[in-house]
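> how would this look folded up:
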Amino acid sequence: MEEKLFEFKLLTGKREAFSSYVRCVILPGENGEFGVLSNHLNLISNLTFGLVKIKKPIMSAIDLVDSIKDENDFDEMYCISESGIAHFFEDKLVVTVDYAIKVFGDDNNGESEEATYKKTNLNNEEQDFYNLSQEYMNKINTNKFK
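This next block holds a predicted model:
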């Protein structure tokens with residue numbers, strides 16, 4: 001079985017946070033999470049604060065539904081700001097947000113490029129978002145949502 005991939009880009013006001021061909025992306029929509037796979041219907045959707053979960057290609061043919069069982073089965077995750085939009089057209093998903101911070105995934109020497117960037121180039125609004133995203137991830141990791 002051949003993997004169905006599509007192009008995905010996560011853009012912020014300052015830079016391209018992620019760009020690759022992927023199998024699946026789960027996005028935080030206004031009415032809850034929704035997933036995008038290859039050959040999805042065209043869509044434009046507003047996004048809310050939350051996680052963008054990315055499933056990258058694999059070498060063997062594993063059924064996608066069986067391979068995603070919980071949060072730990074995703075390859076990368078980004079925490080994004082409230083003001084965002086997702087646009088899927090012709091097997092290409094572009095997500096544009098004000099801020100995105102990598103919170104899980106492949107990185108160099110234990111620290112992602114985004115984390116390094118955020119530590120050295122923060123204005124007050126970015127610092128507030130960075131702090132909020134860290135608090136959000138701590139709540140997810142300890143299951144302490146109010």
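> how about the helices of the chain, start to end?
Listed in chain order, the helices of the chain (DSSP state H) span 64-67, 113-120, 124-142.
> for the record, mean pLDDT for the second one?
Summarised as a single mean, pLDDT over helix 113-120 is 49.
> Quick one, grab the pLDDT at the residue nearest to residue 38 when sequence neighbours are not counted.
In space, and not counting its chain neighbours, residue 38 is closest to residue 4: 3.6 Å by C-beta to C-beta, 6 or more residues apart in numbering. C-beta here means a position set from N, CA and C on the backbone, and glycine is covered the same way. pLDDT for residue 4: 86.
> how near is residue 4 to residue 102?
Applying C-beta to C-beta, to the nearest Å, the value for residue 4 to residue 102 is 25 Å.
> cool, residue 57 as well?
Distance, residue 57 to residue 102, using C-beta to C-beta: 19 Å.
> Sketch out the low-pLDDT regions of this protein for me.
The model of the chain has pLDDT under 70 over residues 1-3, 58-74, 82, 106-122, 140-146.
> which residues sit in contact with the residue lying closest to residue 98 once chain neighbours are set aside?
Distances taken as C-beta to C-beta, 6+ apart put residue 81 closest to residue 98, at 4.4 Å, once the chain neighbours are dropped. Residues near residue 81 by C-beta atoms under 8 Å, 6 or more residues apart in numbering: 49, 97, 98, 99, 100, 129.
> Just the buried residues of the residues you listed.
With burial judged by 16 or more other C-beta atoms under 10 Å, the buried subset of the contacts of residue 81 is 49, 97, 99, 100, 129.
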